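> have a look; sequence and predicted model below, questions after that.
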Amino acid sequence: MKVLHVDEAAMNLKAIIRDALNGEDTYIYLDNPERRIRLLAGTAGRLFWMSDDFDAPLSDFKEYMYDELIIRPYEEKDSAAVIKLLAELQNYERTFDKYLKGADEKLIGSYLNQLIARCQANRGMICVAERDQTVVGMMSMYHEHHDEILMAGNDYLYISDLVVTAEYRRQNIATYLMKRAEEYARLIKMPLIKLHVIAQNEAAIGAYRKSGFHMDGVEMIKSLDESI
């Protein structure tokens, strides 16, 4: 029997899923090892998460279907789902930044086209995260170069958008998207990865720190136009 803390399991999730599907008795817990969930193999290569307090009979267990996360390149068929995700991100970030425009389908559609063109022109790509046969997250990234003679690492991979829909957060999907960014940066020989995050978005900052990012300067703004 294997008993793992959720953070330990997340570090090697594919192997944990594979072992459970192969019949290994596996349990994952949050804070108390005596309150945990059990992973059981289902049909068609699917995994069931079952609540398990070691006292309840099997008939009282709750079952949750789990599909392995797929991270793949964006395809044209994903446009509607990605536009919805980008709109969700825009509206969420507007709660922190009054200078952002409100999201509407036409504006976000134009932004997606701009993003696709930017990725194509700068050795970039858009990835989507798919679970339960549904696109639940996305990330765009591309090469940038700054002519700053006083700084090292002027070439870097820039993550311009990263979002996971609210229903699927806290499942380490953003972490796996960022890992894909690291893989891609190494593939195209980029020494650095950079991203922009709104200073008030503490949840995003915490997630990025957990993935190894650190603060690199602070952008400040002062409005001279009362209409903005």
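Okay, I see it.
> distance of the residue positioned nearest the centre of the chain from residue 124?
With distances taken as Cα atoms, centre = their mean, the chain has residue 174 as the residue nearest its mean C-alpha position (1.7 Å). Residue 174 sits 18 Å away from residue 124, taking Cβ to Cβ, to the nearest Å as the criterion. Quick note: C-beta positions are derived from backbone N, CA and C, even for glycine.
> returning to that earlier point: quick one: pLDDT of the residue nearest to the centre of the chain?
At residue 174 the predicted local distance difference test score is 91.
> surely it is within a strand?
No: following the definition DSSP: H, G, I helix; E, B strand; the rest coil, residue 174 is helix and is not counted among the residues of a strand.
> quick one: the helices in the protein?
Applying DSSP state H to the chain gives helices spanning 6-11, 13-21, 79-94, 105-121, 173-187, 202-210.
> need the ones you listed in CSV (columns: distance to residue 193).
Converted to CSV, the helices of the chain look like this (distance: least, Cβ to Cβ, whole Å):
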stretch, distance to residue 193
helix 6-11, 19
helix 13-21, 22
helix 79-94, 19
helix 105-121, 15
helix 173-187, 5
helix 202-210, 10
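> so for residue 36, which of those sits nearest?
With Cβ to Cβ, the closest approach to residue 36 among the helices of the chain belongs to helix 6-11: 9.4 Å.
> may I see the buried residues of the closest one?
Applying a neighbour-count criterion of 16 or more other Cβ atoms under 10 Å, one finds residue 9 buried in helix 6-11.
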